[in-house]
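K.L.:
Return atomic coordinates for the entry below.
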Amino acid sequence: MTVQVIRTGEAEQLFAAVRDADFGWTVTDLPGLLAPLGWKITTELPGDGAIAQTPWGIPEADAQLLYEGGTVESFTIRLTSRAGDDPADRLGVVDAFAGLTELATRLLGPPTATFHGRVPRTQWRRATATMTLHNTGERVLAVWCRNEYQDFNDSVGRF
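P.N.:
Next comes the predicted model:
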């Protein structure tokens, strides 16, 4: 099994959206945000969130949206396929994380925080939102959320 990674142009489009958008959407604002990215809501959990299919052609590379009332709190976006237990797959995740961090840095500027450890993370905090790239060991995730939601996650030790 080989780890599949979001293509460079698709990652650039995602990171440019993070750079250019003010995070503060209601659920009704989502179609205007998701359409340019080519995402399609496939599952709706009224009041709680949704799952959006991405156009990247990567197995299980969807985006999970979390709502609080009518407000969008966060997006958890899978940027790679899941790695198997093969060491080459795990190294593929490490390489993908490094490449995506480099690309995000070119578009978003230097990270505002870097976390080492069991789940390495690189984070960009902007005026209204934070994006964090996570190397879970099995895949690379991007979590894009309101700053208040990130502050809550930090306060309870959730990343």
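K.L.:
When you work out contacts or count neighbours from here on, use the C-alpha atoms and nothing else.
P.N.:
OK.
K.L.:
Show the contacting residues for the closest residue in space to A113 that isn't next to it in sequence.
P.N.:
Spatial nearest neighbour of A113, chain neighbours left out: Q123 (5.1 Å); criterion: C-alpha to C-alpha, 6 or more residues apart in numbering. Neighbour list for Q123: P111, T112, A113, T114, T130, M131, T132, L133 [criterion: C-alpha atoms under 8 Å, 6 or more residues apart in numbering].
K.L.:
likewise R19?
P.N.:
Counting by C-alpha under 8 Å, 6+ apart, R19 touches L107, L108.
K.L.:
which SSE is it in?
P.N.:
R19 belongs to helix 8-20 when elements are defined using DSSP states H and E.
K.L.:
Please state the offset of whatever helix or strand comes next after that helix from the chain centre?
P.N.:
Heading C-terminal from helix 8-20, the first helix or strand you meet, by DSSP H and E, is helix 30-37. Its chain's average C-alpha position is 15 Å from that of helix 30-37, according to C-alpha atoms, centre = their mean, to the nearest Å.
K.L.:
Please enumerate the helices of the chain.
P.N.:
Under the criterion DSSP state H, the chain contains helices at 8-20, 30-37, 87-108, 147-155.
K.L.:
nearest to L45, of those helices?
P.N.:
Nearest of these to L45, taken as C-alpha to C-alpha: helix 30-37 at 14.2 Å.
K.L.:
Check which helices and strands the worst-scoring helix or strand of the chain on mean pLDDT sits against.
P.N.:
Least confident helix or strand, the chain: helix 30-37 with a mean of 88, by mean pLDDT, DSSP states H and E. Here helix 30-37 is seen to pack against no other helix or strand when contacts are counted using 3 or more C-alpha pairs under 8 Å, 6 or more residues apart in numbering; DSSP states H and E.
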